[in-house]
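**Student:** Output the structure for:
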Amino acid sequence: MRGREIGGVYVKKYLWKVVLAGLATVTAAVSVSAQPYPGPRFVLFSDSTSTYNGHPAPVGSIIRAYDPQNVLIGVDTFGVGPAAPAGYFGFMPAYGDDPDSLGDQGAIAGDLIHFTINGRAATIVAGDPVWADQQDKRVNLAASGVVAMSMVSAPSDTLVTINRTIRLRVGIQNDGNGLDFYRVTTTNNDTAFHTTHEDSFVYADSGATVYVTFDIHVPINVTQDPDTVNEVSYTVYSQVDTMQSVSGTVNMIVSLTDIPDEGGNRPEGFVLNQNYPNPFNPSTIISFSLPSRSNVQLDVIDLLGRIVQNRDLGEQAAGSHELEFNASGLASGVYFYRIQTAFGAQCRKMMLLK
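**Tutor:** Next up is the predicted model:
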């Protein structure tokens with residue numbers, strides 16, 4: 001609350017609201033998902049022709065409203081609702097200050113409200129941006145920003161078995177100066193494989209890195225020869241400017257052969273996970289978990305059954321463990337890694353691609 005002299009008893013009664021209000025203000029500066037304080041007083045702003053970089057603000061763009069003290073008082077998304085077009089938002093509540101609470105939660109009558117689109121300051125092209133409780137107002141906005149992106153990590157070629165779904169992710173950095181959001185599309189060179197759960201709205205603040213994901217399902221009725229390769233092409237593009245995109249390919253290497261398990265049935269509580277990344281060059285992570293303390297040994301075996309590397313890991317405690325395996329001294333090809341414990345041994349296949 002602005003301009004009120006508050007006694008010690010009142011401060012104590014409402015101190016928790018001060019903390020919450022302060023946290024909300026800090027969050028607004030750093031979080032894509034920041035929300036305003038929803039007080040009992042508000043104005044409803046709307047528009048159908050606001051622009052970003054000279055075009056109707058793309059569906060999914062974020063509009064924010066602030067009072068003169070830069071307190072976040074309203075958030076909305078362009079194009080929300082059945083068949084809502086680009087450039088449209090509304091009705092967005094822009095909240096007023098709560099007279100029963102300490103701190104500045106929002107606007108007061110006569111405040112000039114300012115707006116951002118995708119984190120960039122918006123110009124009032126037309127309309128009335130002055131705050132007045134319980135009124136509907138239209139404001140036509142225009143903003144602009146640099147849209148740029150780069151790929152910072154790509155999915156690795158992966159060894160998979162039939163009837164399995166693999167989630168792949170692409171690391172994208174927002175190199176622009178405003179909020180951006182991304183969509184991924186994919187194609188498979190083998191129509192028997194199916195792509196699902198392609199991300200379509202992954203938001204990133206300027207300078208942030210996010211991960212855009214998609215799933216590939218390996219069919220159960222693969223008829224090709226073992227170790228066939230399905231190439232997946234993917235494109236991640238900005239939904240603020242669809243001309244900005246990055247593309248790549250990843251191979252799904254299908255093995256129709258079972259992975260040997262020298263311990264027979266898997267002992268309860270002892271789990272050996274698939275290495276990651278796989279295929280790899282030259283290092284990969286091998287992880288496993290133990291039900292209780294045990295001596296552990298790692299063996300790496302080639303296709304002729306020869307142990308090409310082994311490592312005594314000593315006594316390991318119960319729980320999850322990870323170790324890095326470096327194959328810089330080995331030739332490309334298929335290998336098996338085996339973890340031996342007091343609870344038995346398990347073995348999985350991995351592929352080294354140099």
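**Student:** quick one: residue 351 is in a helix?
**Tutor:** No. Using DSSP: H, G, I helix; E, B strand; the rest coil, the assignment for residue 351 is strand, not a helix.
**Student:** In contact with it: list those residues for me.
**Tutor:** 157, 159, 253, 278-280, 333-335 (Cβ atoms under 8 Å, 6 or more residues apart in numbering). (Glycine included, C-beta is placed from N, CA and C.)
**Student:** Mind checking which of those land in strands?
**Tutor:** 159, 253, 333-335 (DSSP state E).
**Student:** and these, which two are the farthest apart?
**Tutor:** Comparing every pair within those by Cβ to Cβ identifies 253 and 335 as the most remote, at 13.7 Å.
**Student:** Please say which of these two ends up with more neighbours.
**Tutor:** Higher neighbour count among residue 253 and residue 335: residue 335, with 21 against 18, using other Cβ atoms under 10 Å.
**Student:** just to revisit the earlier point, out of the ones in strands among the contacts of residue 351, the closest to residue 37 would be?
**Tutor:** residue 159 (51.0 Å).
**Student:** Who is that closest one paired with across the strands?
**Tutor:** With DSSP bridges applied, residue 159 shows beta-bridge pairing to residue 253.
**Student:** just checking, it touches residue 349?
**Tutor:** Yes. Residue 159 is within contact range of residue 349, at 6.5 Å (criterion: Cβ atoms under 8 Å).
**Student:** who touches the closest residue in space to residue 340 that isn't next to it in sequence in this structure?
**Tutor:** Residue nearest to residue 340 in three dimensions, not counting chain neighbours: residue 297, with 4.5 Å by Cβ to Cβ, 6 or more residues apart in numbering. Residue 297 sits next to 310-313, 339-341 when contact means Cβ under 8 Å, 6+ apart.
**Student:** Residue 216 sits in which helix or strand?
**Tutor:** strand 209-218 (DSSP states H and E).
**Student:** which other helices and strands contact that strand?
**Tutor:** The contact analysis (3 or more Cβ pairs under 8 Å, 6 or more residues apart in numbering; DSSP states H and E) places strand 209-218 against strand 158-161, strand 164-174, strand 180-188, strand 194-196, strand 202-204, strand 228-238, strand 245-255.
**Student:** which residues touch the closest residue to residue 269 other than its chain neighbours?
**Tutor:** Spatial nearest neighbour of residue 269, excluding adjacent residues (Cβ to Cβ, 6+ apart): residue 291 at 2.9 Å. Residue 291 makes contact with 268-270, 318, 343 under the criterion Cβ under 8 Å, 6+ apart.
**Student:** Please identify which two of these are farthest apart in space.
**Tutor:** Longest span within the contacts of residue 291, Cβ to Cβ: 268 and 318, 13.3 Å.
**Student:** Which pLDDT value belongs to the nearest residue to residue 210 once chain neighbours are set aside?
**Tutor:** Among residues not flanking residue 210 along the chain, residue 204 sits closest, at 4.3 Å (Cβ to Cβ, 6+ apart). At residue 204, the model reports a pLDDT of 95.
**Student:** Likewise for the one 10 residues further on?
**Tutor:** Looking at residue 214, its pLDDT stands at 95.
**Student:** That one reaches residue 187, doesn't it?
**Tutor:** No. Using Cβ under 8 Å, residue 214 makes no contact with residue 187, being 11.0 Å away.
**Student:** Name the residues contacting each of these two.
**Tutor:** With Cβ under 8 Å, 6+ apart, residue 214 and residue 187 have common neighbours residue 195.
**Student:** ok, the two, which is more surrounded?
**Tutor:** Neighbours per residue (other Cβ under 10 Å) separate residue 214 from residue 187, with residue 214 holding more: 21 against 13.
**Student:** Now do the same contact list for that one.
**Tutor:** 167-168, 184, 186, 195-199, 234.
**Student:** Which one of those is nearest to residue 109?
**Tutor:** Of these, the one sitting nearest to residue 109 (Cβ to Cβ) turns out to be residue 199, at 42.9 Å.
**Student:** Which helix or which strand is home to the residue nearest to residue 312 when sequence neighbours are not counted?
**Tutor:** Leaving aside its sequence neighbours, residue 312 sits nearest to residue 297 (Cβ to Cβ, 6+ apart; 5.5 Å). Assigned by DSSP H and E, residue 297 belongs to strand 294-301.
**Student:** same deal with residue 346?
**Tutor:** Applying DSSP H and E, one finds residue 346 within strand 344-352.
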